[in-house]
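Asks: Sequence and predicted structure are below.
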Amino acid sequence: MTGTENRAWVYIPLTMMALFYLVPLFVMLNAGFKSFAEVDLKTMWNLPAGLSFDNFRAAWDALSPNLFNSLRIAVPAALASSILGSLNGFVLAKWKFKGANVIFPLLLFGMFIPYQAIIIPLVDFMENIGLAGGYWGLILTHVIYGIPITTLIFRNFFATVPQDLVDAAKIDGAGMLSTYRRVLLPLAIPSFVVALIWQFTSAWNDFLFAVVLTDNTHWPVTVALNNLAGSQIIAWNVQMAASFMAAVPTLLIYIFLGRYFLRGLMSGALKE
Amino acid sequence: MLPSIIAVMVFVYGFIAWTARVSVSAWKGLLPDYTFVGIDNFRGLANDARFHIDIRNTAIFTVVFMLGCLFIGLGLAILLDKGIRAEGFYRSLFLFPMAISFIVTGVVWRWLMNPATGDRLSGLNLLFHKIGLDGLINTWHATPTWGIAAVALPAIWQMSGYIMALYLAGLRAVPETLREAARVDGASEFMVYRKVVMPLLRPITLSALIILGHISLKVFDLVIAMVGKQVALDVPATYMWVTTFDGYFFGRGAAIGIVLLVSVAVLVIPYLFFTLRREAER
């Protein structure tokens, strides 16, 4: 650590960067709280004349069904892929079966693939089994493509649990499932938080899968927002309010559970 | 073996194989047509002016995005590592864009980067004008050839915090005694970073490059939300989507998907093997 004489050279750039990071958030809220009369783009950097909720009301009217759709999609998707990931992680870390060393890298690669390389068969498949258009095809898709990272999160955690604990349960006659449920599951609560919020965030923020797998009554908020922003008749202030509303759920998770969110991020880079 | 692992294998590798099959088929139009046409679709892409634009745009996007994220990420990490007050606050602030979807980012930045000039000046250009930095006023994504670089800026805003977090973890792992020893030997603070810290951060730079590189190859949502489906600002992922789902050129769309997959694989597979082998050695 250096002396205090040059601390300004640390704080000045940090504060400038902090302001830069806040600009989009400021613009969303500043425009959102203006009245319809203040829609002129030339005044976009002026503060609102008074606190008006017109834009948020209009955005809510346009997007509320889609916000609920997103919730209906992201919650079950996050739950299912976390539960399945925890089982897989457990088996890969503790019940090493033949071929686990081949399966794991193959599974991990699934985290990185460009979904353009699977989307034609995916849509075809969902249409064939009758799940295209509604919630369930999209939920199933999020669950399956979420499993690689949730498996990784739990495998890394379970690898740190002493093998003795598992062996002791085996000696006591516990089977694979009951060892998992009674011994490892209670220890894995923090990993569940990591996997759940990671999966919720990625399902909430997804656009590509949603746009090809849901029809307009089942659109999540990302697809609806993109459509709303593309239309010429929606005032830009309403677009800003709508963008903010689409960002709020994941932002709240980030604000309250940021530590866990960061761990998910690190897993995504294969770092612990 | 667990059924969910089998499902992933089918959805990943089975579907990749299926896409590969479509990529060598004549499928054009709503009805599947699996007539084998060899590498015609790939040859078509090689001669496709639009795909050439995609490659150019991906190259520009990748360079701007990577350099931006690496410099900002490393810079912020070094500053945050100086033992400052409210470090947690700053760290959270630089990371919050990661929680937001590219669609939201794209919609907001589209208005920030409004390319209109003259009396219709708005967004960042208007801000530059107000603070007397008229020299910075530009046409953003409406700039010919380099327009895609403007789309990389919101991507930097969104992802540089991630790189900061990676570097910060790396910096925290550099033993203070090493830096202290270099200082005792008379090294300036700059030399301490250049000769002691940076070499130790090299593995992190490599991971960061791979993560960023595969993100820029896949960039899709941000382009759609910011600039829509403009040919001048096309990238492979958007071309694939447009040609397949708007144009019904399934064979060509699948070929683009395979090209994307191979480029990502070249980047990611060595990284996966390296990481897993190092883990096994531990």
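Replies: Now that the structure is in, tell me what you want to look at.
Asks: tell me the contacts of the residue of the stretch 51-200 of chain B found nearest chain A?
Replies: Taking Cβ to the nearest Cβ as the measure, the point where the stretch 51-200 of chain B comes nearest chain A is B:S101, at 3.4 Å. Backbone N, C-alpha and C define where each C-beta goes, glycine included. Taking Cβ atoms under 8 Å, 6 or more residues apart in numbering or on different chains, we find B:S101 in contact with A:204-207, A:222, A:246-247, A:250, B:221.
Asks: any idea which residue sits dead centre in chain B?
Replies: B:S216 (2.8 Å; Cα atoms, centre = their mean).
Asks: pretty sure A:Y135 contacts A:D215?
Replies: No. Counting by Cβ atoms under 8 Å, A:Y135 stays clear of A:D215, with 10.5 Å between them.
Asks: Looking at these two, which is more packed in?
Replies: A:Y135 (17 against 9; other Cβ atoms under 10 Å in any protein chain shown).
Asks: Roughly how far does that one sit from A:T214?
Replies: From A:Y135 over to A:T214 the distance is 7 Å, taken as Cβ to Cβ, to the nearest Å.
Asks: Identify the contacts common to those two.
Replies: With Cβ under 8 Å, 6+ apart as the test, A:Y135 and A:T214 both reach A:N69.
Asks: which residues of the stretch 1-150 of chain A score low on pLDDT?
Replies: A:1-6 (pLDDT under 70).
Asks: mind listing what the closest residue to B:A173 other than its chain neighbours touches?
Replies: Spatial nearest neighbour of B:A173, excluding adjacent residues (Cβ to Cβ, 6 or more residues apart in numbering or on different chains): B:L200 at 7.8 Å. Contact analysis of B:L200 by Cβ under 8 Å, 6+ apart lists B:170, B:173-174.
Asks: Does B:I16 touch A:I118 like I think?
Replies: Yes. Taking contacts as Cβ under 8 Å, B:I16 lies within contact range of A:I118: 6.2 Å.
Asks: Compare the two (neighbour count), which wins?
Replies: Neighbour count, other Cβ under 10 Å: between B:I16 and A:I118, A:I118 has more, with 25 against 20.
Asks: Can you tell me which residue of chain A sits closest to chain B?
Replies: Closest point on chain A to chain B, by Cβ to the nearest Cβ, is A:N205, at 3.4 Å.
Asks: wait, that residue sits on B:M98?
Replies: No. Look at A:N205 against B:M98 with Cβ under 8 Å: they stay out of range, at 9.9 Å.
Asks: So for the two, which sits in the more crowded spot?
Replies: A:N205 (26 against 21).
Asks: I'd like the distance between the more buried one and A:S70.
Replies: Counting by Cβ to Cβ, the gap from A:N205 to A:S70 is 9 Å.
Asks: so does stretch A:135-151 get close to chain B?
Replies: Yes. Against chain B, stretch A:135-151 shows contacts by Cβ under 8 Å from any Cβ of the partner chain at A:141, A:144-145, A:147-148, A:151.
Asks: Show the contacting residues for B:D33.
Replies: B:D33 touches B:25-27, counting by Cβ under 8 Å, 6+ apart.
Asks: ok, now B:W241?
Replies: A:116, A:208, B:220, B:224, B:253.
Asks: For it, what is the enclosing helix or strand?
Replies: Assigned by DSSP states H and E, B:W241 belongs to helix B:236-241.
Asks: Quick check: next helix or strand after that helix?
Replies: Heading C-terminal from helix B:236-241 (DSSP H and E), you reach helix B:250-281.
Asks: Show me what that next one packs onto, helices and strands only.
Replies: helix A:100-112, helix A:119-128, helix B:15-23, helix B:40-46, helix B:198-218, helix B:236-241 (3 or more Cβ pairs under 8 Å, 6 or more residues apart in numbering or on different chains; DSSP states H and E).
Asks: For that helix, buried residues please.
Replies: B:250-261, B:263-265, B:267-268, B:271-272, B:275 (16 or more other Cβ atoms under 10 Å in any protein chain shown).
Asks: Using neighbour counts, pick out the buried residues of stretch A:127-145.
Replies: Applying 16+ other Cβ under 10 Å to stretch A:127-145 flags A:131-145 as buried.
Asks: same thing with stretch B:147-155?
Replies: So for stretch B:147-155, counting by 16+ other Cβ under 10 Å, buried means B:147-155.
Asks: Also stretch B:193-204?
Replies: B:193, B:196-197, B:201, B:204.
Asks: what about that stretch, distance to the chain center?
Replies: 23 Å (Cα atoms, centre = their mean, to the nearest Å).
Asks: for the record, mean pLDDT for it?
Replies: Averaging pLDDT along stretch B:193-204 yields 90.
Asks: returning to what we had before: just the ones in helices from the buried residues of stretch B:147-155, please.
Replies: Assignment to helices by DSSP state H places the following of the buried residues of stretch B:147-155 there: B:147-155.
Asks: With pLDDT and distance to A:A74 as added columns, please give the residues you listed in a markdown table.
Replies: As requested, those are arranged in a markdown table below (pLDDT from 0 to 100; distance: Cβ to Cβ, whole Å):
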| residue | pLDDT | distance to A:A74 |
| --- | --- | --- |
| B:G147 | 95 | 33 |
| B:I148 | 96 | 31 |
| B:A149 | 96 | 33 |
| B:A150 | 96 | 31 |
| B:V151 | 96 | 26 |
| B:A152 | 97 | 28 |
| B:L153 | 96 | 28 |
| B:P154 | 97 | 23 |
| B:A155 | 97 | 23 |
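Asks: JSON lines please, covering those and showing distance to chain A.
Replies: As requested, these are exported to JSON lines (distance: Cβ to the nearest Cβ, whole Å):
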{"residue": "B:G147", "distance to chain A": "18"}
{"residue": "B:I148", "distance to chain A": "18"}
{"residue": "B:A149", "distance to chain A": "17"}
{"residue": "B:A150", "distance to chain A": "15"}
{"residue": "B:V151", "distance to chain A": "15"}
{"residue": "B:A152", "distance to chain A": "15"}
{"residue": "B:L153", "distance to chain A": "11"}
{"residue": "B:P154", "distance to chain A": "8"}
{"residue": "B:A155", "distance to chain A": "13"}
